[in-house]
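Student: sequence first, predicted coordinates after that:
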Amino acid sequence: FFHTGDAGVIDADGHLRIIDRAKGGGRLTGGAMFAPNYIENKLKFFPQIKEAVCFGHERDKVCAFINIDYEAVGNWAERQGIPYGGYVDLASKPQVIELVADCIAKVNADLAAEPGMADTQVARFLVLHKELDPDDDELTRTRKVRRNFIADKYGVLVDALYTGKQQQF
C-alpha cells in the first residue's frame, strides 16, 4: 500500500474510487464517511449552483449552504416571469428555493445509489443571502471554500440547520 492522503470507497467491482482528500473529510456520528468536497462538486455540477458548502463532520446528518449563480438563476427567473431586485431578493424567492431543492434531490438520488454514500445525502440546506467572497475571507484567492471559517462566521445559521429552526435572527 502507498499512503496518498486521499479518501475513497471500494465499489461493487472491487475498484477504489477516490472521492476526497482525507484531511478534508470526516465521519458522521453514525459512522458514515463524510466527504464534503465530493458532495459540493456534485452540487456545483448544476448551472444554478455557483458554490456549495457542506457540513456534517461529527454530526448526525449533512447540511449545506448554497450560493446560487446569479446570472443563470436570473435568466431562469426572467423566463419564468419572476421579478427580482438583486441577489438577495432572487435568492429568497420560493421558486428559487424549489429550484435548488430539485438539484439537491438529484444529488441525493445519486448519493443513495452509490455504495457507502447513502448516509451522506443532504438533509437540509439554505440559500445564502450573499455570494461567498474572497474579500470576506470566505473563499481563498483561488476560490476554494474556507469551510471552517464559514462555519464560524455563520455559526448561527449552521446551528439553525441542525436544530430544525425555520427562522434565525
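Tutor: Looks like it came in fine. Since the structure is predicted, the reported quantities are computational estimates derived from the model, not experimental observations.
Student: quick one: contacts for the nearest residue to residue 133 once chain neighbours are set aside?
Tutor: Spatially, and ignoring its direct neighbours in sequence, residue 133 is nearest to residue 139 (6.6 Å; CB to CB, 6 or more residues apart in numbering). Glycine gets a C-beta too; all of them are placed from N, C-alpha and C. Contacts here follow CB atoms under 8 Å, 6 or more residues apart in numbering; on that basis residue 139 touches 51, 132, 133, 145, 146.
Student: just the buried members of these?
Tutor: Neighbour counting over these (16 or more other CB atoms under 10 Å) leaves 51, 132, 145, 146 as the buried ones.
Student: residue 44: which of these is nearest?
Tutor: Nearest to residue 44 out of the buried ones among the contacts of residue 139 is residue 51 (CB to CB; 6.8 Å).
Student: got any ranges where this structure has weak pLDDT?
Tutor: Scanning the chain for pLDDT under 70 picks out 1-12, 15-25, 168-169.
Student: for it, longest helix please?
Tutor: helix 94-113 (DSSP state H).
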